[in-house]
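Chemist: Sharing a model that was predicted from the sequence below.
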Amino acid sequence: MIIGIIPARYGSTRYPGKPLIDIKGKTMIQRVYEQATKATCLSEVIVATDDVRILEHVESFGGKAVMTHPDHPSGTDRCWEAYLNVRGKGQGAEGNTYHTPTMPNDYIINIQGDEPFVAPEQIDELGAMLDGSVELASQMIPVTDAELLFDIGEAKVIINEHFEAIYFSRQVIPYLKGVDPQEWHKHHTYYRQVGMYAYRADILEKITRLPVSPLEKAESLEQLRWLQNGFKIKMGLTTYESHCIDTPEDVEKILPFIQ
């Protein structure tokens, strides 16, 4: 079984109440939810929130939502609590002690709650990678210009011959000696991470118990904690771009994508 979970916090430093903003007649969280439910690989879609306003709104348009603790450090941790609720192993944000899931081959896809136009086909691409042996999975797209390559807001990834991540960095990796940096993308295939994370349930339990690692702290990239602790992240190629909303100004940028 593959469960789609959409973490949706009400509090945001740059954009409080972001999940409930209106985008041409529908809230952002409703748009994300409706896109996710079109993915054929998902057995169900759940919004994991820390605010009753979001919970009630999701239920008002017929969606499923669960309450989670307000102090989760990441969407990964929120996904774990929501999964336990779905599996009947926990009781929401009440501080219960949870137990290991009885279905370790379940997968959870963490669908970003700030991407209102996430493509169902992209979710299905990720779902097709989850064969039971994969511990963690994500997606990547080739970098086609120097501006994106040197954007520290974009996480770059290098992979091994099995399409498993070796390292993620905000800096450009690898360095090309003797080549003009503005031409690097023409001489080497660079990839940047896009899209979502998928976790096998038993692995999700383990990674949520890990302390922050030195590499994660240095780059501010959560996935480095997993790599540094020996977990494998399978990477899949995609052609779908991510269109996130982090600030009010970003709303105007994504309006052309509304059909």
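Modeler: Perfect, thanks for sending it.

Chemist: Roughly how far does residue 106 sit from residue 36?
Modeler: For residue 106, the distance to residue 36 equals 17 Å [CB to CB, to the nearest Å]. The way it works is simple: take the backbone N, C-alpha and C, and place the C-beta from them, glycine included.

Chemist: which of those two has more neighbours?
Modeler: residue 36 (25 against 20; other CB atoms under 10 Å).

Chemist: And that one, what's its pLDDT?
Modeler: Looking at residue 36, its pLDDT stands at 97.

Chemist: check contacts around it.
Modeler: Residue 36 makes contact with 4, 6, 42, 45, 111, 118, 120, 123 under the criterion CB atoms under 8 Å, 6 or more residues apart in numbering.

Chemist: what about the third one, neighbour count?
Modeler: The number of residues packed near residue 42 is 22, by other CB under 10 Å.

Chemist: Also the last one?
Modeler: Taking other CB under 10 Å as the neighbour definition, residue 123 ends up with a count of 27.

Chemist: gap between the spatially closest residue to it that is not a sequence neighbour and residue 208?
Modeler: Once flanking residues are discounted, residue 123 sits nearest to residue 39: 3.8 Å by CB to CB, 6 or more residues apart in numbering. In this view, residue 39 and residue 208 are 24 Å apart by CB to CB.

Chemist: Could you check which of those two is surrounded by more residues?
Modeler: More neighbours surround residue 39 than the other of residue 39 and residue 208, with 22 against 17 (other CB under 10 Å).

Chemist: Where does that one fall, secondary structure wise?
Modeler: Assessed by DSSP states H and E, residue 39 sits outside every helix and strand.

Chemist: ditto for residue 202
Modeler: Assigned by DSSP H and E, residue 202 belongs to helix 201-207.
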